[in-house]
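K.L.:
show me the folded form of this:
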Amino acid sequence: MATDGIDPDRREALARTLVLLQAYSLELTDIVRGALGSGEGANRDVQFLLLLRHGPLTPSDLGERAGCTRSATSRALGRLEAGGLVTRTPDPANRRQVRVALTREARRRVRTLVTRLQDYFGAGAPLVKEALDLLHLPASAAPAAPADALELVEELSRVGAAYVTEDEGAMAGYGIDTSSDRYALGVLAYRGSVRPSQLADELHLTKSSVSGLLDRMEAVGLVTRRYGQQPGDRRVVEVALTPRGQRAAAERLAILDRRVDELGAALALTLG
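P.N.:
Below is the predicted model of the structure:
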């Protein structure tokens with residue numbers, strides 16, 4: 001797969017790094033969801049919870065500090081409020097405004113999250129070490145780590161949200177509107193072709209979920225299912241990118257290439 005302006009060795013390193021970052025993101029998401037609740041794994045949701053741990057904020061202040069639009073702020077607050085993690089009450093200083101605060105349950109869950117993240121970061125994730133090696137950013141050259149696990153996640157969420165916003169915008173033009181679909185594109189960009197069961201394992205999805213994902217991606221011309229590729233078993237299905245899918249994957253790699261230094265620096269902090 002050609003990637004305009006990127007030499008083949010660099011493209012291979014970026015493709016592998018993208019798969020590692022996706023796997024790392026899934027691991028962190030599992031930790032966050034296990035501590036905060038099944039619905040609170042999105043970068044923005046985590047970012048908002050961490051910002052609010054310092055005290056109540058108005059929705060506009062929260063959105064400004066998180067660097068997201070009013071509509072994105074509203075959606076994230078709606079999810080968190082539905083999950084019983086934040087409340088909105090009138091601002092005593094300006095009754096026309098509201099202030100958002102963490103609930104007692106949210107604070108309890110955040111404490112649980114801290115403990116689990118400290119254990120995870122303390123183990124020194126092999127995925128991060130390999131990614132830093134590919135990016136030629138040794139862990140020993142990393143700046144001093146923030147004081148606690150929540151500050152680490154806050155920085156990862158900030159950098160990750162900026163990257164995801166650009167990635168989402170680019171992939172929307174190809175008909176991709178879920179993180180799972182984007183992750184599938186990344187896996188196929190690196191591996192070339194995979195069986196649906198292999199994709200399910202890498203994306204932490206059920207086989208039925210992967211089937212629906214592939215239906216969506218096939219419908220917009222990004223992947224193709226190939227049958228009879230394995231000698232001795234013509235029932236085996238393999239999935240590969242179409243030329244349109246290869247162009248979309250190349251665009252994802254170009255976005256990563258532009259943001260790789262900032263992402264690498266944030267990752268290096270976790271090994272401090």
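K.L.:
give me the buried positions along the top strand by length along the chain.
P.N.:
Longest strand of the chain, by residue count under DSSP state E: strand 94-102. Buried residues in strand 94-102, defined by neighbour count with 16 or more other CB atoms under 10 Å: 98-100, 102. C-betas here are computed from N, CA, C, even on glycine.
K.L.:
now residue 260: how far from residue 135?
P.N.:
6 Å (CB to CB, to the nearest Å).
K.L.:
ok, which stretches of this protein are strands?
P.N.:
Using DSSP E, strands in the chain cover 86-91, 94-102, 193-194, 223-227, 237-241.
K.L.:
so for residue 216, which of these sits nearest?
P.N.:
strand 223-227 (9.4 Å; CB to CB).
K.L.:
got the angle for that closest one vs strand 237-241?
P.N.:
Interaxial angle, strand 223-227 versus strand 237-241 (axes from the mean of the first three to the mean of the last three CA atoms, to 10 degrees): 150 degrees.
K.L.:
which strands and helices sit next to strand 223-227?
P.N.:
With contacts taken as 3 or more CB pairs under 8 Å, 6 or more residues apart in numbering; DSSP states H and E, strand 223-227 sits against helix 207-219, strand 237-241.
K.L.:
would you list the ones you listed in TSV and tack on distance to residue 47, mean neighbour count and mean pLDDT?
P.N.:
Shown next, in TSV, are the helices and strands packed on strand 223-227 (distance: least, CB to CB, whole Å; neighbours: other CB atoms under 10 Å; pLDDT from 0 to 100):
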stretch	distance to residue 47	mean neighbour count	mean pLDDT
helix 207-219	26	15	94
strand 237-241	32	19	94
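K.L.:
could you report the pLDDT at residue 43?
P.N.:
At residue 43, the model reports a pLDDT of 67.
K.L.:
buried ones in the biggest helix by length in the chain?
P.N.:
If you go by DSSP state H, the chain has its longest helix at helix 8-36. The neighbour-count check on helix 8-36 (16+ other CB under 10 Å) flags 11, 13-26, 28-29, 31-33, 35-36 as buried.
K.L.:
thanks a lot, see you next time.
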